[in-house]
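Student: okay, predicted coordinates and the sequence, questions at the end:
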Amino acid sequence: MHWITIILVGIAANLDNLGIGLAYGVKKTKIPFASNLTIAVVSMIVTYLSVLLGSVLIEFISQEKANIVGCILLCVIGLYTIVSNNFACAKSEENLEKIDKDQNNIISIREAIVLGLILSINCIGGGIGIGANGISAIFTVISIGFFSLLTFAIGGHFGLILSKTFIGKNSTLISGVILIGIGIFEMFI
């Protein structure tokens, strides 16, 4: 089993969650457990559908070619994450405020669904790549859900402290590098 890949995909797909959790923590915006769980479930559903799509890819091309496509896709998504990070930084704080529609500094379940959909975009490319590589959908989905819950909880709780660390400042960049690393790693397995 590809345990390292499954764990790294869970971490990489959710480092943005850590960054957003940190931003909300700094602003003292609360993310209740039910909202955090909602975000995780949305990410898990999107990931599962993406893995299924990647698995379907295997039926149309050989396993070897699907593996190469999956690896390339993971690298491209990682590169896109790194490049888009440079353009998205200025707008991210402005967009965070738009999610909390009622501006009560608490992310409701309804707001969490929207946030979950936005954040789950990271899961699509990785999910397709995982599916094309024939890696377990169930364990990947569990990894995504677990790390989603964990990163938001850590980010929200330690927002002010962690936002000033290397990981807090570079979570999207690190996520992209991990995805590229997974793509290269899977190419040789």
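Tutor: Thanks, I have the structure now.
Student: from here on, just use CA atoms for contacts and neighbour counts.
Tutor: Noted.
Student: check which helix or strand residue 129 maps to.
Tutor: helix 121-132 (DSSP states H and E).
Student: that helix packs against which elements?
Tutor: Packing partners of helix 121-132 (3 or more CA pairs under 8 Å, 6 or more residues apart in numbering; DSSP states H and E): helix 3-26, helix 33-60, helix 63-99.
Student: tell me where the model's unsure across the chain.
Tutor: In the predicted model of the chain, residues 1, 85-98, 189 satisfy pLDDT under 70.
Student: thinking again about what came up before, helices and strands around the helix or strand just after the helix holding residue 129, which ones?
Tutor: Where DSSP H and E defines the elements, the next helix or strand beyond helix 121-132 is helix 137-157. Applying 3+ CA pairs under 8 Å, 6+ apart, one finds that helix 137-157 contacts helix 3-26, helix 33-60.
Student: starting at the chain centroid, how far to the next helix or strand after helix 137-157?
Tutor: Sequence-wise, the next helix or strand downstream of helix 137-157 (DSSP H and E) is helix 159-162. Relative to its chain's centre, helix 159-162 lies at 20 Å (CA atoms, centre = their mean, to the nearest Å).
Student: touching, residue 54 and residue 135? I think so.
Tutor: No - assessed by CA atoms under 8 Å, residue 54 is found out of contact with residue 135, at 9.9 Å.
Student: neighbour count for those two, which is higher?
Tutor: Ranked by neighbour count (other CA atoms under 10 Å), residue 54 and residue 135 place residue 54 first, with 28 against 20.
Student: distance check, the more buried one against residue 172.
Tutor: Using CA to CA, to the nearest Å, residue 54 is found at 24 Å from residue 172.
Student: what's the answer for residue 66, then?
Tutor: 27 Å.
Student: then residue 16?
Tutor: Taking CA to CA, one finds residue 16 at 6 Å from residue 172.
Student: more crowded one of those two?
Tutor: Between residue 16 and residue 172, counted using other CA under 10 Å, the more crowded position is residue 172 (27 against 24).
Student: am I right that that one falls within a helix?
Tutor: Yes - read with DSSP: H, G, I helix; E, B strand; the rest coil, residue 172 is one of the residues of a helix.
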